[in-house]
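Asks: Turn this into a model:
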Amino acid sequence: MTRRTTFLASATTALVAALALGGCVESGRSSTGAEGTECPWEADESIETMARIGYQNIPNGDLLVKDLGLLEACMPNADVQWTSFASGADVVQAYGDPSIDIGLMGSSPATQSLSEPLQLPISVVWVHDVIGAAESLVVRGGAADDLEGLEGSSIAVPFGSTAHYSLLQALQDADMSEAEDVDLINLAPENMPAAWQGGEIDAAWVWNPVLSELLADDGEIVLSSADTAEAGKPTYDLGTALDSFVEENPEFMVQWARAQDHAVGILQDDPATAAVSIAAEIGVSVEEAQELFEGYEYLRAEQQAGPDALGGKMAEDLATTADFLLSQGGIEAVADPQVYAEGVDATPAEGAAQ
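Replies: Residues are numbered from 1 along each chain as shown. Below is the predicted model of the structure:
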């Protein structure tokens, strides 16, 4: 899974622009939700950090923070720069430059980043979501009822993503070989609808909004990341940050985590309001955006800082993921458990929970 998906910058830029334009129309807004936003707590004008943040169009609190301009409202003298990425593999590559300080990636690329040969100086600092049915294996209607029915078929998935990890886990559990029983195609989500319509792929393990597009085009779900999680292999969308940035900007990180926690609160307590921002960001209707939330679990800061997440279990889950990645040739070696433990930093979540 160290194989990285590469995308044309121009195509990605065009896609982001189209989604942003389409989102404003779908959500009924003519501008972002940041206009008139006030910090929900006392803003900290002393923070003058420049932060380069990499985000993805995934329906979680990170998009609310961006759309509502919470960081800008709560740290008015900070310089916050947002850059869109198509996949976790692209975020990993950005850390290699480094051209970002904070970035969202799945638990699979996060594990890859901490393992050989990359061993990037980053840490997991937030759980944006626990992935469930939001990432699913979709097939053409009637083509197959289960994974075994796809033997000999072509399955698209972004290599190095959490969806890729879940697919490989499912193949392993079904005693199927990725090399002999199916043809895995490394494909960016935005390129899947065209490949689907052109008959180039038989199935895809992907997330929304592309998942919904394929379902609307005679697709059916036969398996999801909720199934692989139930089998003991959970996947996450994680907030990561450069270790040096965290060490040099502790006040910024606490404010960032507070904003993320506030966004999770909106998702949990007022999903209709959250859906307006998500719809604007990813380019779907408000109703469709709210339906997307059902495929994820969102955790408040207190939960994140606890033993079942950043305070303990996350390091274990990363180590388990590393074992699997090694078996698939995705990393060169599994690091010492202490490496994965030190690669998780609950400090920002702890600060936000106070």
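Asks: For the nearest residue to Ala322 once chain neighbours are set aside, grab phi and psi.
Replies: Counting by C-beta to C-beta, 6 or more residues apart in numbering, Ala322 lies nearest to Val334, which is 4.5 Å off, once chain neighbours are set aside. The way it works is simple: take the backbone N, C-alpha and C, and place the C-beta from them, glycine included. Val334 adopts backbone torsions of phi -80, psi 130, taken as degrees, to the nearest 10.
Asks: measure Asp173 to Glu213 for me?
Replies: 27 Å (C-beta to C-beta, to the nearest Å).
Asks: Cross-check the contact I'm expecting between the residue nearest to Ala322 and Asp323.
Replies: Yes - counting by C-beta atoms under 8 Å, Val334 touches Asp323, with 5.8 Å between them.
Asks: ok, Val264 - contacts?
Replies: 61, 298-301 (C-beta atoms under 8 Å, 6 or more residues apart in numbering).
Asks: and if we set it to 7 Å?
Replies: Val264 makes contact with 61, 298-300 under the criterion C-beta atoms under 7 Å, 6 or more residues apart in numbering.
Asks: list the buried ones in stretch 174-185?
Replies: Using 16 or more other C-beta atoms under 10 Å as the burial criterion, the residues of stretch 174-185 that qualify are 176, 181-182, 184-185.
Asks: in the chain, which spans are strands?
Replies: For the chain, the strands defined by DSSP state E occupy 50-55, 79-84, 102-106, 122-131, 135-140, 154-157, 183-186, 203-207, 219-224, 236-242, 296-297.
Asks: In JSON lines: the ones you listed, plus distance to Trp41 and mean pLDDT.
Replies: Formatted as JSON lines, those follow (distance: least, C-beta to C-beta, whole Å; pLDDT from 0 to 100):
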{"stretch": "strand 50-55", "distance to Trp41": "19", "mean pLDDT": "99"}
{"stretch": "strand 79-84", "distance to Trp41": "17", "mean pLDDT": "99"}
{"stretch": "strand 102-106", "distance to Trp41": "20", "mean pLDDT": "98"}
{"stretch": "strand 122-131", "distance to Trp41": "18", "mean pLDDT": "98"}
{"stretch": "strand 135-140", "distance to Trp41": "33", "mean pLDDT": "96"}
{"stretch": "strand 154-157", "distance to Trp41": "41", "mean pLDDT": "98"}
{"stretch": "strand 183-186", "distance to Trp41": "44", "mean pLDDT": "96"}
{"stretch": "strand 203-207", "distance to Trp41": "32", "mean pLDDT": "96"}
{"stretch": "strand 219-224", "distance to Trp41": "37", "mean pLDDT": "97"}
{"stretch": "strand 236-242", "distance to Trp41": "20", "mean pLDDT": "98"}
{"stretch": "strand 296-297", "distance to Trp41": "25", "mean pLDDT": "96"}
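Asks: for those strands, which one sits closest to Ala341?
Replies: Ala341 lies closest to strand 122-131 among these, at 10.5 Å (C-beta to C-beta).
Asks: Now do that closest one and strand 219-224, the angle between them.
Replies: Interaxial angle of strand 122-131 relative to strand 219-224 (axes from the mean of the first three to the mean of the last three C-alpha atoms, to 10 degrees): 120 degrees.
Asks: what's the domain layout of this protein?
Replies: The chain breaks down into these domains under automatic domain parsing: 9-131+235-353, 135-230.
Asks: Between the ones you listed, which has the poorest mean confidence score?
Replies: Looking at the domains of the chain, the lowest mean pLDDT belongs to domain 9-131+235-353 (a mean of 91).
Asks: next one: that domain to chain centre, how far?
Replies: The chain centre lies 7 Å from the centre of domain 9-131+235-353; the measure is C-alpha atoms, centre = their mean, to the nearest Å.
Asks: repeat for stretch 227-238
Replies: Worked out by C-alpha atoms, centre = their mean, stretch 227-238 lies 13 Å from the chain centre.
Asks: Who has more neighbours out of Asp173 and Glu213?
Replies: Ranked by neighbour count (other C-beta atoms under 10 Å), Asp173 and Glu213 place Glu213 first, with 19 against 15.
Asks: mind checking how far that one is from Pro193?
Replies: Taken as C-beta to C-beta, the span from Glu213 to Pro193 is 5 Å.
Asks: in stretch 39-51, what counts as buried?
Replies: 39, 43-44, 47, 49, 51.
Asks: just the residues you listed now: which is nearest Glu230?
Replies: For those, the minimum distance to Glu230 (C-beta to C-beta) is 36.7 Å, reached by Ala51.
Asks: For the closest one, list each beta-bridge partner.
Replies: Val80 (DSSP bridges).
Asks: With Gly239 instead?
Replies: Counting by DSSP bridges, Gly239 forms beta bridges with Leu104, Trp126.
Asks: Might you report the residue contacts of it?
Replies: 102, 104, 125-126, 128, 260.
Asks: The residue nearest to Ala322 is in contact with Phe324, isn't it?
Replies: No - taking contacts as C-beta atoms under 7 Å, Val334 lies outside contact range of Phe324: 9.6 Å.
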